[in-house]
Structure formats: structure tokens, C-alpha cells
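Student: sequence first, predicted coordinates after that:
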Amino acid sequence: MSTVNIRRFEPSDAAWVIAQHGQHYAQEEGFDDSFGDLVTQILKDFVDGHNPARERGWIATVDGQRVGCIFCVSIGAYTAKLRLFLLTPQARGQGLGHRLLSTCMDFAREVGYSEMVLWTHESHRAACALYAANGWEMVDSASVHSFGVDLIEQTWRIDL
């Protein structure tokens, strides 16, 4: 039986998070390198200046191997933003996404945020279904050309 663990993000995980996002979104979505640049900047900002009392990242592992990540960052006194949520293909469909999402949302509640928001794309159907099943609501949607492809961006939010 596999050992599944969700642990706090460490700076040494950054290269893995960047590589997984770049690889996944290039292969599955056709994104260009500008997406990897965005992920790199998000992680650099997090590592260099996050407030550990109000912001956190987590890494999911199976038998010691990284298979997923999620981050909670502050965008205001009462609003947290969910960022960089990813599961590798082999980790999907086992409830691990729900565990990561719950971990992130529970943390946000515990440290005093009253709402969370996130930005995603319509093509991330499984993630969007997970958000909806956990009480999130899509509050905005727009057609854009980003990362070298045509997309429908979505903004979701939830009251905590």
C-alpha cells in the first residue's frame, strides 16, 4: 500500500513545481514558455517574501515522490488566493486533489481569511468540478489569448 503525505512546501521544491507546471501545461494545453515564466515569478515572490503566518504552500507525495502542490497567498487582509494547484497524471482520481484543496482552505480559515479566490481556465474541467463540489462559485469568465493559445479564463471565489 502506498504512503500518501501532504507536507509544507520547502524552497528546494521550487524547481520541481516549475518543471511540473511547464511540462504539464505544454503537453496537455499547448502553452508556450511564458507560462513557465509566470510560475517561476510566482514561486520566486513566494520564496523571497511570503508571510509564513498567513501564506503557505504544500507538496503532496506518494511513497516519498512529489505528485502535487497547492499554495495559499494573501491578496488582502481578508482575501487569500489559491495558486499553483497541480497533480501529476498518476496522482489524479484518488482523492488527493480534494485533500490538497481542503488543506489549503482549512489553513486560510484558520489564519483569518474570510474569502478565497482563484484564477484558472475552462479547460481544467476536473479542477473546476472539484471547486464547484466544494462550494466555490465562478464569478467571471472571459475569452483571452494567453500563453500562446486561445483560452477562456475563469475567476472563482468562496466565502470561508
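Tutor: Noted; the coordinates are in hand.
Student: what about the strands in this structure?
Tutor: Per DSSP state E, the chain has strands spanning 4-8, 56-62, 65-74, 79-87, 115-121, 137-146, 149-159. These are given in chain order.
Student: select, out of those, the one closest to residue 50.
Tutor: strand 65-74 (6.8 Å; CB to CB). (C-beta placed from N, C-alpha, C; glycine too.)
Student: relative to strand 56-62, how tilted is the closest one?
Tutor: 160 degrees (axes from the mean of the first three to the mean of the last three CA atoms, to 10 degrees).
Student: strand 65-74: partners in the sheet, and parallel or antiparallel?
Tutor: Using DSSP bridges, the strands paired with strand 65-74 are strand 56-62 (antiparallel), strand 79-87 (antiparallel).
Student: can you add mean neighbour count and distance to residue 107 and give those strands back as JSON lines?
Tutor: Converted to JSON lines, these look like this (neighbours: other CB atoms under 10 Å; distance: least, CB to CB, whole Å):
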{"stretch": "strand 56-62", "mean neighbour count": "20", "distance to residue 107": "6"}
{"stretch": "strand 79-87", "mean neighbour count": "21", "distance to residue 107": "8"}
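Student: now the residue positioned nearest the centre of the chain: how far from residue 55?
Tutor: Here the mean C-alpha position of the chain is nearest to the C-alpha of residue 85 (CA atoms, centre = their mean), at a distance of 1.9 Å. Summarising the geometry, the distance separating residue 85 from residue 55, computed by CB to CB, to the nearest Å, is 15 Å.
Student: if you count neighbours, what's buried in stretch 65-82?
Tutor: Neighbour counts using 16 or more other CB atoms under 10 Å place 66-74, 80-82 of stretch 65-82 among the buried residues.
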